[in-house]
Every structure is written in C-alpha cells, then in structure tokens.
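Sharing a model prediction with you, sequence too.
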Amino acid sequence: MGTSKRLAEHYDLRAEEKQFERYAKTAGPLQSLSKQELALDKQSMTVYPQPQRVKAWVRFGPQPARVNALLVRSTETAVGIEFIIAEKAYRCWVWGNAVELVG
C-alpha cells in the first residue's frame, strides 16, 4: 500500500514547524540587520501595502532557518519580512539575496 504524497508533505511541513519552534525557543534571539547595515538615511525604503509571499533565510542566534514569510518593505539591498512561528509573530531585516519570491 502506498502513502499519500499530500499527507507526506503535511507531515514534512509540521516537522519543519516544530524545528523552527525549537530554534526560536533555544537557539537565541532572531537576528536582524543593524542600523548601519540598513543605512536608511542613505537609501529609500519601499513599503508594500499588499505584502508578497517569500521564502527567506533568517537566524535564531547562530542557527539558520528558511521560513515562509511576507515581504513587507525593502531597500536596494535589504528586505523587511514578517513570519509566524507557533502563533508568535516575528519581524526582521535580512539581505535581499536571502529572499526568494514564492509564485
């Protein structure tokens, strides 16, 4: 008897969510770019009234994680994202090349 591909994907996503919960609780605080790295006084920022879905690399302490997020603002080099883990909202800035738009 075969297994359902959709059911397997569900369990994979749930396992990933549990891993992210562990990172958020034990690996350290969510990292964000510094004011110096953002240089908002030297470059313009775009705010998106309708956020776009993205996959983004973030760090909890030293631990990297690729999360599903919303792109809510950006500069020429950085992206401001929001995402939820275990019903808790997180916001941070990451480098633009750490983000991939989701079709």
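Received it, and whenever you're ready, just let me know what you need.

for this protein, what's the longest strand?
If you go by DSSP state E, the chain has its longest strand at strand 46-60.

what about that strand, average pLDDT?
Strand 46-60 carries an average pLDDT of 96.

Could you identify the helix or strand that succeeds it?
strand 63-74 (DSSP states H and E).

Compute the inter-axis angle for that following strand and strand 46-60.
170 degrees (axes from the mean of the first three to the mean of the last three CA atoms, to 10 degrees).

starting at the chain centroid, how far to strand 63-74?
In terms of CA atoms, centre = their mean, to the nearest Å, the centre of strand 63-74 is found 2 Å from the chain centre.

same thing with stretch 14-25?
Counting by CA atoms, centre = their mean, stretch 14-25 is centred 13 Å from the centre of its parent chain.

Going by neighbour count, list what's buried in that stretch.
Of the residues in stretch 14-25, 20, 23-24 count as buried by neighbour count, 16 or more other CB atoms under 10 Å. C-beta coordinates here come from the backbone N, C-alpha and C atoms, glycine included.

What is the nearest of the residues you listed to residue 64?
Nearest to residue 64 out of the buried residues of stretch 14-25 is residue 23 (CB to CB; 8.9 Å).
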